[in-house]
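Undergrad: what follows is a predicted structure for the sequence shown.
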Amino acid sequence: MTEKIQFRIRRQDTPYSPAYWQTFQLPFREGLNVVSALMMIRQNPLTTDGMKVDPVAWEFNCMEEVCGACTMLINHRPMPACSTLVDTLQQPITLEPLSKFPVIRDLMVDRSRLFADLKRVRAWIEIDGAWDIHQGAPRISPEHWQDNYLYSRCMSCGSCLEACPQYAQTLPFVGAAALAAVRLMNNHPTGKYHRKQRLHAIMGEGGLSDCGNAQNCVQVCPKEIPLTTAIGELGRETTVQMLKDLFGSAD
Amino acid sequence: MSKPRKVIVVGGGLGGLWAALSVAEAGHQVQIFSLFEVKRSHSVCAQGGINACFDSKGERDSIWQHIVDTLKGGAYLANQPPVKSMCEDAPGLIQTFERMGVTFSRTAEGLLDLRLFGGVKHRRTLFAGASTGQQLLYGVDQEVRRQESLGRLRKFEWWEFLSLGLNQQGVCQGIIAMNLRTMEIKAFPSDAVILASGGMGQVYGHRSTNSTNSTGAAACRVYQQGAWFANTEFFQFHPTAMLGDDKTRLMSEAARGEGGRIWVPRDAQDRRRANQIPEQDRFYFLEEWYPSYGNTVPRDLASRAIWEVVHKLGLGVAGEAKVYLDLTHLNPGFIEQRLHAILDIYRKFHGTDPVHEPMEIYPSAHYAMGGLWVDFERDDTTGGIKHGSPRNHATNIPGLYACGECDYGYHGANRLGANSLLSASYSGRVAGESVANYLQGLQQGHPDSQDPIYSSEIKHQQGVNRQLINNQGEENPYQLHRELGELMSSQVGVVRDNQTLSNAIESLRTLQQRSRNIDLQERNSWSNQGLAYARQLQEMIRLGEVIAASALHRDECRGAHYKPEFELKLPENASAGDPAYETYRNHWKAQNQNWLKTTIAKQTDWGPQIDYQAVDLSVLAPEEPRDYR
């Protein structure tokens, strides 16, 4: 028995051309994931109408859900295409590019804003230099490590931003990924030294207060990062910081 | 300070970002070129950890032991001064990562925790859960982003390196690159280039643990412009990868370091579920064959043992090419904390839970010990490298440097687990320092972008594109890549023989012919992924030939390169001092006389020309054969 699976794929030839849909049919294979299905399509890009078309363009690299490249809308939900197994999906399977980023071609989008926002919130530790200083950073308790490690696995895939009603190309909100990075950096023993700058970076327009508390982000994160917990913690910290800014403080 | 110069780094994984950081900190302008956003580089796939001697487990570990383990693990084929320096500088490198905010796993006391890895007796591997590569890359990525925000560094993401700009004297003065969106080909002049383009696992196609962009194409392109490859026959097969049609996903050596055991049913006909097979019916072959190191023998030995169990003893699980990697006897909470990332991958892709059912695994092409030949300068007072020497990590093309997996520097004939994150980071840092000093000695800057050294190369590269686009051939590039993967893993794999290797070279030449007769099936000239892929495919086939030819020429067994015909077998039940063992030792030394040398491959019109070079053995004389029993 050869079971068939169908893909409806949203195509777009260039960033400026109109989108259109095409349907492809493939034989099912045990353990098939969406990236390998797309690989089969590119090898023989024939639509169900029997039309020979250009291969579908999409982004992928590691194929084991750690690089963040292949995130797309799969049946209208942002998911990593590599780790999404076909037999868990309802047919026909709809593939679309993430809608919150400009389309490059087909399923490829330009996520450069995501990285620009990491700059905006100063998501780094200010070290004196990458040379040896013959000592490390202060110790970190295992519990503290466990909390931080949850956040350090963010692979900048953009799922949380896609699901967020407040995040859009026309809106300034930085979104959960950058906020979680602030949470992570602010909890590093020396990252703390620049806590205030990072908090200020998310206290203005497009910052924390633009979060509408829809809590979609945490539901779609493929790495189960507790994004809303980070946002809650930052809410308290920015409030305290605002009071400190108002009344002055030794800190 | 002398005039700031411009440096191009090709590749944004650990090696490239470290190199970029150290050049930027020296005050020069850096441009990083990457096929995609650098944060998505293959370094994120490294799982288990990074080695550095901290000796914080009461085991009397030492830096010297790290050096010895690395050199012996590599069957003495690595030049020793760079290895010595790498091991000495490793703890400082880790502390720098720690300062960058890398979330290393911690002990109860808040110290950096250590785990056991293969080919060693001491816990020496630092880790961040089972996603260490990801965490290390992110640490450097953050610092690079900071340099970027300070205007010292610029990223060119979605650009593909095509070739070097070489002047009349053969000095490298920049690169030619292709914009992967517009497909425009452009010159980028610079005063030096650091190639950090990563591994070449895709030469083994879908039978590799590598990311799809790890094609080795960039390295192969500079090879065609005169750079030498070294030791490419030494390709590591990781013993424990998941089975898969699209990719064989890595299951970290950390699984065994934390207590995982490899076994098969003793009876080939045994079809019971794994957890219904009692202890006495299980064959823990690594523990039986190597009682001293057990499941954590070096990877070349573990992969060969699995090969033997499956293909010679016919004991693969359910008659198929697979064995069990078992964690079910370990405390579920403990392994969840230490290995979550790989358990998660296995659950998602295989559908079963390794906490309750053993994983099914088989060896897979994983890491190139060989790569672009790079130089070093020995410091006779320390026995290590001379820090800051512009010779360190220089290729044979002046002005071109290489670091990370694309070079051949540190691992000899077999890499020890958790030494690759170390060598990638360390070599990047060293290459950066080295380039900064190379620039000090430069009299003249690069010419402007209109210079004929660039325009002629642009024209050539445009011609390559045109030919592929206009070609109405009948070959499918994706199909050819699949064939390449099958060919390389079956004929240039774990076990080799000369007849098969000669045949493989013939087949590769046929593949090369066919790859010129391609139908791209793609009319869209915007973001044309097929064009980039077809170009990379031709390089991968060429690389396959370099690997196969190097393997054909080396008539011995050493590390990952195994030709049974030339095997010197360790005498059974004998150890140092026994007459049988001493006879073996003498044979082994005689073999070293002939073969303990670096393979050099040079591009010629008729294929790779193979030469040899002496290995610097000034740190540890090869007196002790590898014996992990």
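TA: Arrived safely, thanks for sending.
Undergrad: the residue in the stretch 351-500 of chain B that chain A sits nearest to and residue A:44: what is the separation?
TA: Ranking the residues of the stretch 351-500 of chain B by distance to chain A (CB to the nearest CB) places residue B:478 first, at 4.1 Å. Where C-beta positions appear, they are placed from N, C-alpha and C, glycine not excepted. Residue B:478 is 9 Å from residue A:44, where distance means CB to CB, to the nearest Å.
Undergrad: of these two, give the one with the bigger neighbour count.
TA: Ranked by neighbour count (other CB atoms under 10 Å in any protein chain shown), residue B:478 and residue A:44 place residue B:478 first, with 19 against 14.
Undergrad: and residue B:589, how far from chain A?
TA: 39 Å (CB to the nearest CB, to the nearest Å).
Undergrad: count of neighbours near that residue?
TA: Neighbours around residue B:589, by other CB under 10 Å: 13.
Undergrad: follow-up on the earlier one: report the buried residues of the helix or strand where the residue of the stretch 351-500 of chain B closest to chain A lies.
TA: Using DSSP states H and E, residue B:478 falls within helix B:477-491. Neighbour counts over helix B:477-491 (16 or more other CB atoms under 10 Å in any protein chain shown) mark B:477-478, B:480-485, B:487-489, B:491 as buried.
Undergrad: just send those back as TSV, with pLDDT and distance to residue B:51 too.
TA: Supplementary listing: the buried residues of helix B:477-491 in TSV, determined by pLDDT from 0 to 100; distance: CB to CB, whole Å:
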residue	pLDDT	distance to residue B:51
B:477	97	39
B:478	96	38
B:480	98	38
B:481	98	33
B:482	97	35
B:483	98	37
B:484	98	33
B:485	97	30
B:487	98	34
B:488	98	29
B:489	95	28
B:491	98	33
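Undergrad: export those residues to a markdown table and tack on distance to residue B:162?
TA: Output for the buried residues of helix B:477-491, formatted as a markdown table (distance: CB to CB, whole Å):
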| residue | distance to residue B:162 |
| --- | --- |
| B:477 | 17 |
| B:478 | 21 |
| B:480 | 20 |
| B:481 | 19 |
| B:482 | 25 |
| B:483 | 25 |
| B:484 | 21 |
| B:485 | 24 |
| B:487 | 26 |
| B:488 | 24 |
| B:489 | 28 |
| B:491 | 30 |
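Undergrad: the closest residue to chain B within the stretch 101-250 of chain A - how many residues pack around it?
TA: Of all residues in the stretch 101-250 of chain A, the one sitting closest to chain B is residue A:139 (3.2 Å; CB to the nearest CB). Around residue A:139 there are 15 other residues, counting by other CB under 10 Å.
Undergrad: hang on, it packs against residue B:110?
TA: Yes. Using CB atoms under 8 Å, residue A:139 makes contact with residue B:110 at a distance of 3.2 Å.
Undergrad: and the longest strand for chain B?
TA: Using DSSP state E, we find that the single longest strand of chain B is strand B:359-368.
Undergrad: tell me what that strand is packed against?
TA: strand B:235-242, helix B:299-307, strand B:323-326, helix B:332-350 (3 or more CB pairs under 8 Å, 6 or more residues apart in numbering or on different chains; DSSP states H and E).
Undergrad: most tightly surrounded among these?
TA: Counting by mean count of other CB atoms under 10 Å in any protein chain shown, strand B:235-242 has the highest mean neighbour count of the helices and strands packed on strand B:359-368, with a mean of 26.
Undergrad: list phi and psi for the residue in chain B that chain A sits nearest to.
TA: As assessed by CB to the nearest CB, chain A sits closest to residue B:110 within chain B, at 3.2 Å. Torsion angles at residue B:110 (phi, psi; degrees, to the nearest 10) stand at phi 90, psi 10.
Undergrad: and it, how many neighbours?
TA: Neighbour count for residue B:110, taken as other CB under 10 Å: 16.
Undergrad: about what we covered before: so what secondary structure elements neighbour the following helix or strand past the longest strand of chain B?
TA: Sequence order places strand B:371-372 as the next helix or strand after strand B:359-368, per DSSP H and E. The contact analysis (3+ CB pairs under 8 Å, 6+ apart) places strand B:371-372 against helix B:217-224, strand B:229-230.
Undergrad: show me the contact partners of the following helix or strand past strand B:371-372.
TA: The helix or strand immediately downstream of strand B:371-372 is strand B:400-402, counting by DSSP H and E. Residues outside strand B:400-402 that contact it (CB atoms under 8 Å, 6 or more residues apart in numbering or on different chains): B:19, B:164, B:172, B:192-196, B:219, B:222, B:227, B:371-372, B:374, B:393-395, B:431, B:434-435, B:438.
Undergrad: next structured bit after strand B:400-402?
TA: Counting by DSSP H and E, what follows strand B:400-402 is helix B:420-440.
Undergrad: output that next one as PDB, restricted to C-alpha atoms.
TA: The C-alpha trace of helix B:420-440 is given here as PDB (Å, rounded to 0.1, in the frame of the first residue of the first chain):
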ATOM      1  CA  SER B 420      36.400  19.700  18.300                       C
ATOM      2  CA  LEU B 421      34.600  22.600  20.000                       C
ATOM      3  CA  LEU B 422      38.000  23.200  21.600                       C
ATOM      4  CA  SER B 423      40.000  23.200  18.400                       C
ATOM      5  CA  ALA B 424      37.300  25.300  16.500                       C
ATOM      6  CA  SER B 425      37.400  28.000  19.200                       C
ATOM      7  CA  TYR B 426      41.100  27.900  19.900                       C
ATOM      8  CA  SER B 427      42.200  27.800  16.200                       C
ATOM      9  CA  GLY B 428      39.900  30.800  15.500                       C
ATOM     10  CA  ARG B 429      41.400  32.800  18.200                       C
ATOM     11  CA  VAL B 430      45.000  31.800  17.200                       C
ATOM     12  CA  ALA B 431      44.200  32.500  13.500                       C
ATOM     13  CA  GLY B 432      42.900  36.000  14.400                       C
ATOM     14  CA  GLU B 433      46.000  36.900  16.400                       C
ATOM     15  CA  SER B 434      48.200  35.500  13.600                       C
ATOM     16  CA  VAL B 435      46.400  37.600  11.000                       C
ATOM     17  CA  ALA B 436      46.700  40.700  13.100                       C
ATOM     18  CA  ASN B 437      50.500  40.200  13.000                       C
ATOM     19  CA  TYR B 438      50.500  39.400   9.300                       C
ATOM     20  CA  LEU B 439      48.900  42.700   8.700                       C
ATOM     21  CA  GLN B 440      51.600  44.500  10.700                       C
END
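Undergrad: nice, that's everything, thank you.
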